[in-house]
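>>> Sharing a model that was predicted from the sequence below.
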Amino acid sequence: MSDLILHDKDSAPEKSRPLLEKSQKAFGMIPALHAVMAEAPGVLDGYQKLHELVLESSFDPDETTVVWQTINVEHACHYCVPAHTGIAKNMKVSDAIIDALRDETPLPSEKLEALRTFTLAVTRKRGEVNSEDLDAFHNAGYNNRQVLEVILVLAQKVMSNYINHIADTPIDEPFKKFAWKKGK
């Protein structure tokens, strides 16, 4: 689709090399997404920082997965859905949650379903949610901090999902077994 390349520590711009080393240490490999992002050091650095901030948010692993995968599935990201399936399994998220997100079927709890519904509202309405959207989210037990944290995750996912669409990023070997297509 594009002529973006997968960089390694030798081919990457100098400012990206330590960032790729950081990826290697964190994931035991350089994810293909990071290899693509390395072309623009600020993009890779920003993505890594957003990822750290998402992991430090008030969401637990189940909730983080719900927000990540809701956006990935909505954006039909061929790379991020399998990658976050593997990440969710490493985070000990249940298969019931993982499968419901991938298949767009009901989640096992009303609270998680409210999180998915709100995340979809923010994504589809480009942030122009209404009072009913906010009230439903708050009534499910979420607060204003988490309203903002959904947007934090969305910022991270816009970067990765859009780059993956443009680059047609190949799925990393550990995640190929979780390959996915929208509407499957």
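Cool, got the structure.
>>> Can you tell me the centre-most residue of the chain?
Residue closest to the average C-alpha location in the chain (C-alpha atoms, centre = their mean): W68, at 4.0 Å.
>>> Grab the nearest non-local neighbour of that one.
The shortest distance from W68 to any residue other than its chain neighbours is 5.0 Å, reached at H84 (C-beta to C-beta, 6 or more residues apart in numbering). All C-beta atoms are positioned from the backbone trio N, CA, C, and that covers glycine.
>>> Can you list the low-confidence ranges for the protein?
For the chain, the stretches with pLDDT under 70 are 1-2, 184.
>>> Start and end of stretch 12-32, how far apart?
For stretch 12-32, the first-to-last residue distance is 13 Å (C-alpha to C-alpha, to the nearest Å).
>>> Now do the buried residues in it.
12, 16-17, 19-20, 23, 30-32 (16 or more other C-beta atoms under 10 Å).
>>> could you dump those residues to a markdown table with distance to H75?
A markdown table is the format used below for these (distance: C-beta to C-beta, whole Å):
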| residue | distance to H75 |
| --- | --- |
| A12 | 26 |
| S16 | 25 |
| R17 | 29 |
| L19 | 24 |
| L20 | 25 |
| S23 | 22 |
| I30 | 23 |
| P31 | 17 |
| A32 | 17 |
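>>> Which residue ranges of the chain form helices?
17-27, 32-37, 41-55, 61-74, 80-90, 95-103, 110-124, 131-139, 144-167 (DSSP state H).
>>> Isn't R116 up against P108?
No - R116 lies out of contact with P108 (C-beta atoms under 8 Å); the separation is 11.5 Å.
>>> hang on, the earlier thing: identify the farthest-apart pair in the buried residues of stretch 12-32.
R17 and A32 (16.9 Å; C-beta to C-beta).
>>> mind listing what the residue nearest to the centre of the chain touches?
With contact taken as C-beta atoms under 8 Å, 6 or more residues apart in numbering, W68 is in contact with 54, 80, 84, 87, 153, 157.
>>> Could you pick out the buried ones from the residues you listed?
So, by 16+ other C-beta under 10 Å, the buried ones in the contacts of W68 are 54, 80, 84, 87, 153, 157.
>>> Neighbours of the closest residue to the last one other than its chain neighbours, how many?
Counting by C-beta to C-beta, 6+ apart, K157 lies nearest to I71, which is 4.1 Å off, once chain neighbours are set aside. Neighbour count of I71, defined by other C-beta atoms under 10 Å: 25.
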